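Visitor: Sequence unavailable; structure follows:
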């Protein structure tokens, strides 16, 4: 029997191990996509500008990043496909029929009305000016009066997050609450408009936000954290959305100025300085001034911003560490120092790609 050979089985790396390790270099370095999406919160216009001026500071391994993204996408699709079957009448989403091409923008019925085939669940998309997002799960409860009239549309917004059991002790991640609140405010705005014609007298309200963690190594050990979407939380989320969008608009204007020749930027240096100062005025830590709060930007950062920057980071060598502060914590608290440093790099960029230079 083969059992007698088990004594020779031992931990030993073959050439396969070296080949596997080399996977991280397939495709080279890949810069993270920078866009204004709800899933990117917490964020700050100064971070966008820093990543724009110094892109090599935030590279991630392209191959391993693709691996983790693919696993996450599969888990999302697996859960969403299953819920479309078991949560009939309660799961709200968009839908597309693969058989006949029929689509629905908002529905709880995933059986195609044209050909009766099961339609594919599609995440509800949300958009406010420059901010976009896709919501993993919206559960709906149509509350009726004793005459059968819908008087309230209660919504639960849930965000799926893949993790590992090893990460359990760090959950829930505070920034995930931030993202869920953004989703809640955006979808409530969208669905109020949608149901205004269907149920004109009904109140449409997101009542609950939840973060649903699914371990990649043992999905049955799922964990969920929920919070009421209170009036106060809703108000803060709406402010955050509008504040971030304003910052993105100012950032986009600066990106256009940055594309100008150096000689032109030198002539327009006063305009550029003014634009940079305007961007600085809407950095995340200055939100306290726009909200009329009795605190300083430094204290506001320590108490209300910094906790949301806790995250697990994977380095190029695939080793991980935990970051618990904003990347610009040590460089942006002094407006004058920040402006002088950024202005120099903005007008005279030193990070130009020299790959195609000919000597």
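Guide: Thanks, I have it. In this text, all values refer to a predicted model and were calculated from it rather than measured experimentally.

Visitor: Going by residue numbers, what spans are helices in the stretch 251-359 of the chain?
Guide: Applying DSSP state H, counting those that start in this stretch to the stretch 251-359 of the chain gives helices spanning 262-267, 269-281, 287-291, 297-300, 335-347.

Visitor: Name the residues of the first one that come out as buried.
Guide: So the one you mean is helix 262-267. residue 265 (16 or more other CB atoms under 10 Å). (C-beta placed from N, C-alpha, C; glycine too.)

Visitor: can you confirm residue 98 is in a strand?
Guide: No: Residue 98: not assigned to a strand; according to DSSP: H, G, I helix; E, B strand; the rest coil it is coil.

Visitor: How about the contacts made by it?
Guide: Residue 98 makes contacts with 117, 119, 120, as judged by CB atoms under 8 Å, 6 or more residues apart in numbering.

Visitor: go on, residue 115?
Guide: 97, 99, 100, 102.

Visitor: I'd say the third one and residue 117 touch.
Guide: Yes: at 7.2 Å, residue 100 and residue 117 qualify as touching, with contact defined as CB atoms under 8 Å.

Visitor: got the residue ranges for the strands in this structure?
Guide: Counting by DSSP state E, the chain has strands at residues 29-31, 59-61, 91-96, 103-107, 120-122, 124-128, 131-135, 137-144, 150-163, 203-215, 223-228, 311-314, 320-323.

Visitor: what angle separates the longest one from strand 124-128?
Guide: In this structure, strand 150-163 runs at an angle of 100 degrees to strand 124-128, with axes from the mean of the first three to the mean of the last three CA atoms, to 10 degrees as the basis.

Visitor: And for the third one?
Guide: Computed with the same axes, to 10 degrees, the direction of strand 91-96 lies at 90 degrees from that of strand 124-128.

Visitor: Partner strands of strand 91-96 and their direction?
Guide: strand 103-107 (antiparallel), strand 120-122 (antiparallel), strand 137-144 (antiparallel) (DSSP bridges).

Visitor: Single out the most deeply packed of the ones you listed.
Guide: strand 120-122 (a mean of 20; mean count of other CB atoms under 10 Å).

Visitor: which regions of the stretch 1-150 of the chain sit below the pLDDT cut-off?
Guide: Applying pLDDT under 70 to the stretch 1-150 of the chain flags the ranges 1, 24-35, 56-64.

Visitor: now swap in the stretch 251-359 of the chain and tell me
Guide: 313-319, 350-359.

Visitor: Mind checking the strands paired with strand 91-96 for the one nearest to residue 158?
Guide: Of all the strands paired with strand 91-96, strand 137-144 sits nearest to residue 158, with 4.1 Å by CB to CB.

Visitor: so can I have a markdown table of the contacts of residue 98 showing distance to residue 14?
Guide: Formatted as a markdown table, those follow (distance: CB to CB, whole Å):
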| residue | distance to residue 14 |
| --- | --- |
| 117 | 48 |
| 119 | 47 |
| 120 | 42 |
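
Visitor: just those now: which is nearest residue 42?
Guide: residue 120 (32.4 Å).

Visitor: Pairing partners for the closest one in the sheet, please.
Guide: Applying DSSP bridges, one finds that residue 120 bridges with residue 96.

Visitor: looking at it, it is touching residue 95, isn't it?
Guide: Yes: with contacts counted by CB under 8 Å, residue 120 reaches residue 95, the gap being 6.5 Å.

Visitor: Common neighbours of these two, please.
Guide: Common neighbours of residue 120 and residue 95 (CB under 8 Å, 6+ apart) are residue 110.

Visitor: In the contacts of residue 115, find the pair that's most separated.
Guide: Checking those with CB to CB, the most distant pair is 99 and 102, at 8.4 Å.

Visitor: anything in contact with each of the two?
Guide: In contact with both residue 99 and residue 102: 112, 115, using CB under 8 Å, 6+ apart.

Visitor: More neighbours: these two, which one.
Guide: residue 102 (15 against 12; other CB atoms under 10 Å).

Visitor: need the contact list for that one.
Guide: So residue 102 contacts 96, 112, 113, 114, 115, 119 (CB under 8 Å, 6+ apart).

Visitor: Point to the residue nearest the middle of this protein.
Guide: Nearest residue to the geometric centre of the chain (CA atoms, centre = their mean): residue 39, 1.0 Å.

Visitor: Tell me how far that one lies from residue 344.
Guide: Taking CB to CB, to the nearest Å as the measure, residue 39 falls 33 Å from residue 344.

Visitor: What is the end-to-end distance of stretch 192-211?
Guide: This stretch, stretch 192-211, spans 23 Å end to end (CA to CA, to the nearest Å).

Visitor: okay, now residue 287: neighbour count?
Guide: Neighbours around residue 287, by other CB under 10 Å: 22.

Visitor: so it makes contact with residue 300?
Guide: Yes: counting by CB under 8 Å, residue 300 is a contact partner of residue 287 at 6.9 Å.

Visitor: can you list contacts of stretch 160-177?
Guide: 41-42, 71-72, 75-76, 79, 136-137, 159, 209, 211-218, 221, 223, 225, 227, 307-312, 322.

Visitor: Buried ones among the residues you listed?
Guide: Buried members of the contacts of stretch 160-177, counted by 16+ other CB under 10 Å: 41-42, 72, 75-76, 79, 136-137, 159, 209, 211-215, 225, 308-309.

Visitor: re the thing from before, pull up the gap between the closest residue to the residue nearest to the centre of the chain other than its chain neighbours and residue 127, please.
Guide: Distance criterion CB to CB, 6 or more residues apart in numbering; nearest residue to residue 39, sequence neighbours excluded, is residue 179 at 5.8 Å. Computed as CB to CB, the residue 179 to residue 127 distance reads 16 Å.
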